[in-house]
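In: Model the structure of this input:
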Amino acid sequence: MKAIWNNQILAESDATVVVENNHYFPAASLRSDYFSPSDTRTHCAWKGEAHYYTISVDGRHNKDAAWFYPAPKEAAMQIKDHVAFWKGVSVVE
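Out: Residues are numbered from 1 along each chain as shown. Reported below is the predicted structural model:
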């Protein structure tokens, strides 16, 4: 699977975890130079507190377009150290 935005591959892995129709990529598969931490936080009743990254590629920014759970609840431990995408990021095979 590949996560693509602004014609650049952000992450690539054959070991994504699918939860609620979202592919969660292993954190190690991200091209870290495109990601910067965001202060945004949201809460999911069964997964826990989500943290976000802003994606920056070639001078364009996509605020909070990637999220992850640094300390997921027990029911969501399979996505620990994984990152998912939205806001126009294409996830394709």
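In: Return the residue of the protein that is most distant from the centre.
Out: residue 59 (19.8 Å; CA atoms, centre = their mean).
In: So which bits of the strand or helix carrying residue 61 are buried?
Out: Counting by DSSP states H and E, the element that carries residue 61 is strand 60-68. The neighbour-count criterion (16 or more other CB atoms under 10 Å) identifies 62, 64-68 as the buried residues of strand 60-68. Backbone N, C-alpha and C define where each C-beta goes, glycine included.
In: re earlier: how close does the residue farthest from the centre of the chain sit to residue 8?
Out: Distance check for residue 59 against residue 8: by CB to CB, to the nearest Å, it reads 12 Å.
In: And for residue 41?
Out: Per CB to CB, residue 41 is found 26 Å from residue 8.
In: more crowded one of the two?
Out: A side-by-side neighbour count of residue 41 and residue 8, using other CB atoms under 10 Å, places residue 8 first with 13 against 10.
In: In contact with the closest residue in space to that one that isn't next to it in sequence: list those residues for me.
Out: Closest residue in space to residue 8, ignoring its immediate chain neighbours: residue 57 at 4.8 Å, by CB to CB, 6 or more residues apart in numbering. Under the criterion of CB atoms under 8 Å, 6 or more residues apart in numbering, the neighbours of residue 57 are 5-8, 10, 34.
In: Now render those as a markdown table, adding pLDDT.
Out: Supplementary listing: the contacts of residue 57 in a markdown table, determined by pLDDT from 0 to 100:
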| residue | pLDDT |
| --- | --- |
| 5 | 98 |
| 6 | 98 |
| 7 | 97 |
| 8 | 98 |
| 10 | 98 |
| 34 | 98 |
